[in-house]
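Trainee: Quick one: sequence and predicted model below, then my questions.
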Amino acid sequence: MAIYNKLAKKQGAIAVLGLGYVGLPLALEFAKYFKVIGFDIDSNLIASLQNKVDPAGEVEPQRFENVDIIFTDDEELLDQASFYIIAVPTPIDDNYLPDLNLLYKACQIVAKYLKPGDYVVLEATVYPGCTEEECVPLLERISGLKCGKDFKIGFSPERINPGDKKHTLSNVVKITSGCDQEAAEQIAKVYQTIIKQGIFRASSIKVAEAAKIIENTQRDVNIAIMNELAMILNEMNVDTNEVIRAASTKWNFLKFYPGLVGGHCIGVDPYYLIYKARKLGYEPELFITARKVNERVADFVVDNILRLMAKNRINIIDANVLVLGITYKENVRDIRNSKVAKIVSRLKQYNFNVDVFDPKADAEEVRNSYQIDLIGQIPQKRYDVVILAVVHDEFKKLSPAQIKSFYRRDNGILIDIKGYFGNKDLDLLYWSL
Ligand SMILES: NC(=O)c1ccc[n+]([C@@H]2O[C@H](COP(=O)([O-])OP(=O)(O)OC[C@H]3O[C@@H](n4cnc5c(N)ncnc54)[C@H](O)[C@@H]3O)[C@@H](O)[C@H]2O)c1
């Protein structure tokens, strides 16, 4: 029986391996129509999901209702699955090279339970070629089965945008692909069930892999252009945001803004493409430069804080700094690859007293990842410098009077990284990218 029919009749289950930002919404959406096994190696996460609580704060409790799903860390339950979706992290290592260890581990687990007729689909972001060159041989070796003949493989990249309630899983077109025509058809059919906006059927797995990686690499390059512009305009005392507003009045200008590029995707995925390109003997200079420019922004911010303080005769030693926001972007809890943490670490090297406040981030996670103790409320003391690093909704509500009350001096400095407040009503020493 074709895999779609088998799943539709609930004679086999979909297993989702990795229930994080990508895997959990996907598993719950599929579970509206199919039998789903949500598997994760993190037992604490599983316990929380069994209580209908998503620790990432992305999925509301009501989405756990009326779905056919079990959450487990017991891999033996994967035996009941026929369609395995892998959504585990694909980070980089200390040398900025792809770290595929978690992906390999997930493939090893799947391979143990793989049966003839089963499907494996990768949702984790990888470089073009990775699914067929890395995952297939591993699956074949451990399962003893042959890809294409005994089991099928595919790739369907995730486009989820944490914190974004508009572009959700089911209302954004999804790319699917398979190792042969039958696989491509069947995988598209399975995904079609949950994606209201439609499916783009890529002609090969490599096309689907490359499409995902260029989506994020393109954003990285475009943001790098604006970061480079901001660094140049800073020397001229020209407001970058106003320049972008002005340029945007042209019909074909692309509106990107300068900023810190952290997180798990835009700051990471380009390294996967860079790695593959180099393996092929091609030096992707533009992508490498974009990464370098974006990685430089945290230092650029710190350099400007020091410059402003020196210029305005504010003593650097034991200055009090308040940092608002540490997550990698606004209105999410995710602190992975936070560039704000890099700013904090550099400020501490200069003996600044730094308080960090973030109403969204998990304090324990921040402590474990960055050795930073978040403060529970603001202000804890009066400050010389306030850095609005991440524009969470909570910070948008701050009035100019409230912001001014955070300072212990008249000529306090406001570092408004993304230029959210502007310096109109504030009468402070103001700087933004
Ligand atoms: N977060 C995003 O916005 C986003 C968007 C598109 C694509 N992606 C890609 O999707 C993939 C997953 O990212 P994420 O943000 O959901 O990660 P995440 O860290 O939020 O979740 C991954 C989960 O996988 C689990 N895990 C690790 N190894 C496992 C294994 N062997 N078996 C089962 N579970 C395992 C972890 O415990 C964790 O709960 C990555 O490749 C990422 O690049 C992420």
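Mentor: Sure, I can see it. Numbering: from 1, shown residues only.
Trainee: check contacts around A111.
Mentor: 138-139, 141-143 (C-beta atoms under 8 Å, 6 or more residues apart in numbering). All C-beta spots, glycine's among them, are computed from the backbone N, C-alpha and C.
Trainee: for the residues you listed, which one is nearest A27?
Mentor: Ranked by distance to A27 (C-beta to C-beta), the contacts of A111 are led by L139 at 20.7 Å.
Trainee: For the ligand, see how far away the closest one is.
Mentor: Going from L139 to the ligand by C-beta to the nearest ligand atom, to the nearest Å gives 14 Å.
Trainee: Could you double-check that that residue lies in contact with I109?
Mentor: No. Because the distance of 10.5 Å does not satisfy C-beta atoms under 8 Å, L139 is recorded as not touching I109.
Trainee: Would you mind giving the contacts of A111 as TSV with neighbour count, secondary structure and pLDDT added?
Mentor: Below are those laid out as TSV (neighbours: other C-beta atoms under 10 Å; DSSP: H, G, I helix; E, B strand; the rest coil; pLDDT from 0 to 100):
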residue	neighbour count	secondary structure	pLDDT
L138	18	helix	98
L139	23	helix	98
R141	12	helix	98
I142	15	helix	98
S143	22	helix	98
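Trainee: Would you check which pair of those residues lies furthest apart?
Mentor: Within the contacts of A111, L138 and S143 form the most distant pair, 9.2 Å apart (C-beta to C-beta).
Trainee: Can you pull the residues of the chain lying near the ligand?
Mentor: Proximity of the chain to the ligand (C-beta under 6 Å from any ligand atom) is limited to residues 17-23, 39-42, 45, 87-90, 102, 105-106, 109, 123-125, 158, 160, 162, 264-265.
Trainee: Inside strands: which ones of the residues you listed?
Mentor: Taking DSSP state E as the definition of strands, the residues of the chain next to the ligand contribute 17, 39.
Trainee: ranges for the strands of this protein?
Mentor: Here the chain has its strands, by DSSP E, at 13-17, 36-39, 69-72, 81-86, 119-122, 152-155, 174-176, 199-201, 320-324, 353-357, 385-388, 413-416, 429-431.
Trainee: Save those as a markdown table, and put in mean neighbour count too.
Mentor: Listed next are those as a markdown table, based on neighbours: other C-beta atoms under 10 Å:
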| stretch | mean neighbour count |
| --- | --- |
| strand 13-17 | 28 |
| strand 36-39 | 26 |
| strand 69-72 | 19 |
| strand 81-86 | 26 |
| strand 119-122 | 27 |
| strand 152-155 | 26 |
| strand 174-176 | 23 |
| strand 199-201 | 17 |
| strand 320-324 | 24 |
| strand 353-357 | 21 |
| strand 385-388 | 25 |
| strand 413-416 | 23 |
| strand 429-431 | 19 |
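Trainee: Any idea which of these gets closest to Q402?
Mentor: Comparing the strands of the chain by their distance to Q402 (C-beta to C-beta), the top pick is strand 385-388, with 10.7 Å.
Trainee: what about the helices in the stretch 101-250 of the chain?
Mentor: Under the criterion DSSP state H, counting those that start in this stretch, the stretch 101-250 of the chain contains helices at 101-113, 130, 136-143, 181-192, 205-235, 240-247.
Trainee: Return the most buried member of these.
Mentor: Comparing the helices of the stretch 101-250 of the chain by mean neighbour count (mean count of other C-beta atoms under 10 Å), helix 130 ranks first with a mean of 25.
Trainee: Tell me the spacing between the residue in the stretch 301-433 of the chain that the ligand sits nearest to and L322.
Mentor: For the stretch 301-433 of the chain, the nearest residue to the ligand under the criterion C-beta to the nearest ligand atom is D334, separated by 7.0 Å. Using C-beta to C-beta, to the nearest Å, one obtains 22 Å as the distance from D334 to L322.
Trainee: Would you list the phi and psi of the residue nearest to the spatial centre of the chain?
Mentor: Within the chain, the residue whose C-alpha comes closest to the C-alpha centroid is H264; the distance, by C-alpha atoms, centre = their mean, is 3.8 Å. As for H264, its main-chain torsions (degrees, to the nearest 10) stand at phi -100, psi -10.
Trainee: tally of neighbours for the residue lying closest to it once chain neighbours are set aside?
Mentor: Spatial nearest neighbour of H264, excluding adjacent residues (C-beta to C-beta, 6 or more residues apart in numbering): R336 at 4.8 Å. Neighbours of R336 under the rule other C-beta atoms under 10 Å: 17.
Trainee: How about S43?
Mentor: Using other C-beta under 10 Å: S43 sits among 11 other residues.
Trainee: Test my guess that the residue of the stretch 301-433 of the chain closest to the ligand contacts G262.
Mentor: No. Counting by C-beta under 8 Å, G262 is not a contact partner of D334; they are 9.0 Å apart.
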